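[1] sequence first, predicted model second:
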Amino acid sequence: TKLPEHGDIDWRYQDMDRAKYDSHELIDFRKDMRSGFVADELFRDMYAMSRCDMIVGQFTSNIDRIVLEMIMARRGHYVPFISLDAPWCSQGDQFTYEGKSYTC
């Protein structure tokens with residue numbers, strides 16, 4: 001779908017009800033998220049994201065990290081990316097974000 005206010009950018013998305021994801025509860029602990037249907041939506045989103053030329057995402061999310069790797073594997077080189085919440089670091093490095101320590 002092309003959005004006129006964004007010029008020639010070709011926006012593609014899944015036409016689905018995402019209201020079920022509007023929750024402050026971690027998705028890992030929600031029993032209603034344990035279904036093949038939810039997994040299918042996730043994999044479709046990841047595939048669609050991997051077809052992009054760059055990514056803007058939350059790099060405390062393993063999904064966005066995996067998608068970045070998928071894009072780079074498809075393209076065969078590093079691609080532009082922006083992390084909205086925490087720095088990206090190489091394997092084994094650690095960083096602190098909002099007082100919490102993370103290991104990459």
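    Perfect, I can see it now.
[2] all helices for the protein, in order.
    Here the chain has its helices, by DSSP state H, at 36-50, 62-75.
[3] partners of the helix or strand of the chain with the lowest mean pLDDT, with directions?
    Across the helices and strands of the chain, the lowest-confidence element by mean pLDDT, DSSP states H and E is strand 94-97, at a mean of 71. According to DSSP bridges, strand 94-97 forms sheet pairs with strand 100-103 (antiparallel).
[4] buried set for the partner strand?
    Within strand 100-103, no residue is scored as buried using 16 or more other CB atoms under 10 Å. In short, each C-beta sits where N, CA and C put it, glycine included.
[5] re the thing from before, including distance to Lys20, mean neighbour count and mean pLDDT, could the helices of the chain go into JSON lines?
    Shown next, in JSON lines, are these (distance: least, CB to CB, whole Å; neighbours: other CB atoms under 10 Å; pLDDT from 0 to 100):
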{"stretch": "helix 36-50", "distance to Lys20": "8", "mean neighbour count": "13", "mean pLDDT": "90"}
{"stretch": "helix 62-75", "distance to Lys20": "16", "mean neighbour count": "15", "mean pLDDT": "93"}
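[6] now the ones you listed as a markdown table including distance to Tyr21?
    Putting the helices of the chain into a markdown table (distance: least, CB to CB, whole Å) gives the following:
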| stretch | distance to Tyr21 |
| --- | --- |
| helix 36-50 | 9 |
| helix 62-75 | 12 |
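[7] excluding chain neighbours, what is closest to the spatially most central residue of the chain?
    The centre of the chain sits closest to Asp64, judged by CA atoms, centre = their mean, with a distance of 3.1 Å. Excluding the flanking residues, the one nearest Asp64 by CB to CB, 6 or more residues apart in numbering is Gly57, at 3.3 Å.
[8] if I pick the one you found, what's in contact with it?
    By CB atoms under 8 Å, 6 or more residues apart in numbering, the residues touching Gly57 are Ile63, Asp64, Val67, Leu68, Phe81, Ile82, Ser83, Leu84.
[9] now do it, the pLDDT please.
    For Gly57, the model assigns a pLDDT of 89.
[10] same check, this time on Arg51
    pLDDT, Arg51: 92.
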